[in-house]
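Peer 1: give me a model of this one.
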Amino acid sequence: MAEAKQTYNAVFGDGYYAKITLGKMINKGGASGKIYEVEGRPESVVKIFHNTSKSATNRQKLQAMLLNKPKFDPVKVNGVDFIQIAWPEALLDDDKGFCVGYMMPLIDMNKAVSLDHLMQKAIRKKLNLSEKYAYRVFAAYNVALMVTELHKCGHYIVDLKPSNLYVYKENMLVAVVDCDGFSIKGEKNRYPAEFVSEEYIYPEGMSLSCEEMGEEQDKFALAVIIFRLLNNGIHPFSGSPKNTEKEMLTIQTRIEKYHYAYGLWPDKYQYPHPYSIHEYFNKETLELFERAFTKDCQRPSAYEWQEHLWKLMHSLKQCKENADHAYFTSKGCGLCSVENKFSKDLSNIKQQKQTPEKIRGIEVANLSTEKVREEKEKKHIQDIKMQRLFAVGTSLYLLFFALLFKMLMPAKAIIADISLGFQGLFVVFVLIGLYKLFKKLSAKVEYLKNKIISETLLVYAFIWMLIILILLNDLPQNLFDLAV
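Peer 2: Numbering: from 1, shown residues only. Now for the predicted structure:
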């Protein structure tokens, strides 16, 4: 005798009531429930909760989701509908009146891949995914669009991470599942999220439970996902630690301590990843990431990211060297630059293997623990010396221009006899000389690699020289005489 098929009462948001019968189980599901087909409804599936003890709470949350549904109509491409979100269509009751699950649209996982599979080149190659960089920008836009629409309804994903998002391989449209785990805004109450994942928790949220998290968590996690999609999968809080002798910090600890190495200022804990292309992003993109990842800044909203990524998509320049590559600014193609650097590094590694008598310039015979420790100590001492020299040099530089007027006062009459045009030309030559000097020194002095520092020093010199020209030539008085 055949086993009786399980039936449930489906209650829709508009009050419509129907009987549904479960088909075969297609997924054992995660922590919350199993996924089944629905007989006679090939476009739908149901999730049956593992735990029915929270029936009342589940019912209230699902009812809130049915009444406050984000506007995500299926996207039709070449006559095929692509479902973007598995939002509940109806809650399911058993014959005893317990809420046991819900019905939702079917997302064809055979056509989609987890978003984290799009991050790494090796995985893209293995899954036969396109290498076109523009597709990853488009995927980032679709994620931002999805989060924007949820936020408009007052809902938050909270456990927002690439492995919880899917993209259709054909067109990079985003598909979202497990929506019952979101933080849901009801008419009178909020129904909190159930999970949150490390490496995506915002710094201020470290002292909070996932039940207390909301929009700030989504804004931070969204920015991390966008950074990774634009930057070859590199996490914005990963990098190369400056002091390898100390214990390696986890990504989440680096987040908690705001160790963001891709911003306007160098991070004290780590250098950027050697194959990062962040320096090739445009100014507005870098500013948005700066706001998202540095302390005491207002994080960009999902809508800001949506608007910005829309502009990026329509301003991308195709690389002439590689049709899969694209770039943002006149700096050129960062992807080509990284690939060339990787090839060069790989060649150097192969060469080192062929000449094993030296490793990184050190004789094999000297690679004892004591020698390695001694080299690290020397490097540490050298770094401290360079810091002190830079501080002393900067102080002397600032003092020199501050005292330059007094030094030139004895020659005031001689200088005043020289035309202002020649004096101005001399100032220009001095500034050009300083610029070239800073550029040359930047190869040895790390701080001068920071454009903000070098440009600030140049502006400082220019302001003082301008003041000196005005005072030595009595320009305010002369200008007054000309006016009279």
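Peer 1: grab the nearest non-local neighbour of S442.
Peer 2: Distances taken as CB to CB, 6 or more residues apart in numbering put L448 closest to S442, at 4.1 Å, once the chain neighbours are dropped. The C-beta positions use only the backbone N, C-alpha and C, and glycine is treated the same way.
Peer 1: again with K444
Peer 2: Excluding its sequence neighbours, the residue lying closest to K444 (CB to CB, 6+ apart) is M386, at 7.9 Å.
Peer 1: again, but for D93
Peer 2: N9 (4.4 Å).
Peer 1: ok but the one you found is inside a helix, no?
Peer 2: No: N9: not assigned to a helix; according to DSSP: H, G, I helix; E, B strand; the rest coil it is strand.
Peer 1: for the residue nearest to S442, give me the pLDDT.
Peer 2: Predicted confidence (pLDDT) at L448: the value is 72.
Peer 1: three-state assignment of A223?
Peer 2: Here A223 takes the helix state, with states given by three-state DSSP.
Peer 1: who does the longest strand along the chain pair with, and is each partner parallel or antiparallel?
Peer 2: The residue-count maximum for a strand in the chain (DSSP state E) belongs to strand 17-27. Partners of strand 17-27 in the sheet, by DSSP bridges, are strand 7-12 (antiparallel), strand 33-38 (antiparallel).
Peer 1: re the thing from before, so who does the residue nearest to K444 touch?
Peer 2: Shown in contact with M386 (CB atoms under 8 Å, 6 or more residues apart in numbering): K444, V445, E446.
Peer 1: what do you get for M104?
Peer 2: S44, V45, V46, K47, A86, W87, P88, E89, C179.
Peer 1: what secondary structure does the second one sit in?
Peer 2: It stands for V45. Counting by three-state DSSP, the backbone at V45 sits in strand.
Peer 1: what about the residue lying closest to it once chain neighbours are set aside, how many residues nearby?
Peer 2: In space, and not counting its chain neighbours, V45 is closest to L106: 4.9 Å by CB to CB, 6+ apart. Residues near L106, counting by other CB atoms under 10 Å, number 16.
Peer 1: tell me the phi and psi of M104?
Peer 2: Backbone torsions of M104, given as degrees, to the nearest 10, read phi -150, psi 170.
Peer 1: per-residue confidence at the closest residue in space to it that isn't next to it in sequence?
Peer 2: With sequence-adjacent residues excluded and distances taken as CB to CB, 6+ apart, M104 is closest to A86, at 4.4 Å. Looking at A86, its pLDDT is 93.
Peer 1: name the residues that touch stretch 334-344?
Peer 2: With CB under 8 Å, 6+ apart, stretch 334-344 has contacts from 133, 232, 274-277, 279-281, 319, 321-322, 325-327.
Peer 1: report the buried residues of it.
Peer 2: The neighbour-count check on stretch 334-344 (16 or more other CB atoms under 10 Å) flags G334, L335, C336, S337, V338, E339 as buried.
Peer 1: only alpha carbons, please: show it as PDB.
Peer 2: Extracted in PDB, the C-alpha atoms of stretch 334-344 (Å, rounded to 0.1, in the frame of the first residue of the first chain):
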ATOM      1  CA  GLY A 334      44.300  47.500 -13.300                       C
ATOM      2  CA  LEU A 335      43.600  43.900 -14.300                       C
ATOM      3  CA  CYS A 336      46.300  43.900 -16.900                       C
ATOM      4  CA  SER A 337      48.700  45.500 -14.400                       C
ATOM      5  CA  VAL A 338      48.000  42.800 -11.800                       C
ATOM      6  CA  GLU A 339      48.300  40.000 -14.300                       C
ATOM      7  CA  ASN A 340      51.700  41.300 -15.500                       C
ATOM      8  CA  LYS A 341      52.800  41.600 -11.900                       C
ATOM      9  CA  PHE A 342      51.700  38.100 -11.200                       C
ATOM     10  CA  SER A 343      53.500  36.700 -14.200                       C
ATOM     11  CA  LYS A 344      56.700  38.500 -13.200                       C
END
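Peer 1: ok, now which ones touch the residue nearest to V45?
Peer 2: P42, E43, S44, V45, I83.
Peer 1: which residues sit in contact with the last one?
Peer 2: Contacts for I83 (CB under 8 Å, 6+ apart) come out as P74, P105, L106, I107, D108, A175.
Peer 1: could you redo the last one with a cut-off of 6 Å?
Peer 2: By CB atoms under 6 Å, 6 or more residues apart in numbering, the contact list for I83 reads P74, P105, I107.
Peer 1: tally up the residues packed near the closest residue to it other than its chain neighbours, please.
Peer 2: Spatial nearest neighbour of I83, chain neighbours left out: P105 (4.6 Å); criterion: CB to CB, 6+ apart. For P105, the tally of surrounding residues (other CB under 10 Å) stands at 19.
Peer 1: and P105, its phi and psi?
Peer 2: Main-chain torsions, P105, degrees, to the nearest 10: phi -70, psi 150.
Peer 1: what's the distance between it and P241?
Peer 2: As for P105, its distance to P241 is 46 Å (criterion: CB to CB, to the nearest Å).
Peer 1: how about the strands in the stretch 101-250 of the chain?
Peer 2: Under the criterion DSSP state E, counting those that start in this stretch, the stretch 101-250 of the chain carries strands at the ranges 112-114, 165-168, 174-176, 184-185, 190-191, 240-241.
Peer 1: could I get those strands as CSV with distance to G101?
Peer 2: As requested, the strands of the stretch 101-250 of the chain are arranged in CSV below (distance: least, CB to CB, whole Å):
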stretch, distance to G101
strand 112-114, 22
strand 165-168, 21
strand 174-176, 18
strand 184-185, 16
strand 190-191, 16
strand 240-241, 47
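Peer 1: go through those strands and name the closest to K69.
Peer 2: Smallest distance to K69 across these (CB to CB): 10.7 Å, for strand 184-185.
Peer 1: against which helices or strands is the closest one packed?
Peer 2: Under the contact definition 3 or more CB pairs under 6 Å, 6 or more residues apart in numbering; DSSP states H and E, strand 184-185 sits against helix 55-67.
Peer 1: which outside residues touch the helix it packs on?
Peer 2: Contacts of helix 55-67 from elsewhere in the structure, counted by CB under 6 Å, 6+ apart, are G13, P88, L91, F98, C99, Y102, I184, G186, Y191.
Peer 1: identify each buried residue in the longest strand of the chain, please.
Peer 2: Within strand 17-27, the residues scored as buried using 16+ other CB under 10 Å are I20, L22, G23.
Peer 1: same thing with stretch 268-276?
Peer 2: So, applying 16+ other CB under 10 Å, buried residues of stretch 268-276: Y269, Q270, P272, H273, Y275, S276.
Peer 1: out of those, which are inside strands?
Peer 2: Applying DSSP E to the buried residues of stretch 268-276, the entries found in strands are Q270.
Peer 1: so which of the buried residues of stretch 268-276 comes closest to S347?
Peer 2: Using CB to CB, the buried residues of stretch 268-276 come closest to S347 at Y275, 15.1 Å.
Peer 1: picking up where we left off before, going by distance to L309, which of the contacts of helix 55-67 wins?
Peer 2: Of all those, I184 has the smallest distance to L309: 26.1 Å, by CB to CB.
Peer 1: confidence score at the closest residue to that closest one other than its chain neighbours?
Peer 2: Using CB to CB, 6+ apart and skipping residues adjacent in sequence, the residue nearest I184 is Y191, 4.4 Å away. For Y191, the pLDDT comes out at 95.
Peer 1: many thanks, we can stop here.
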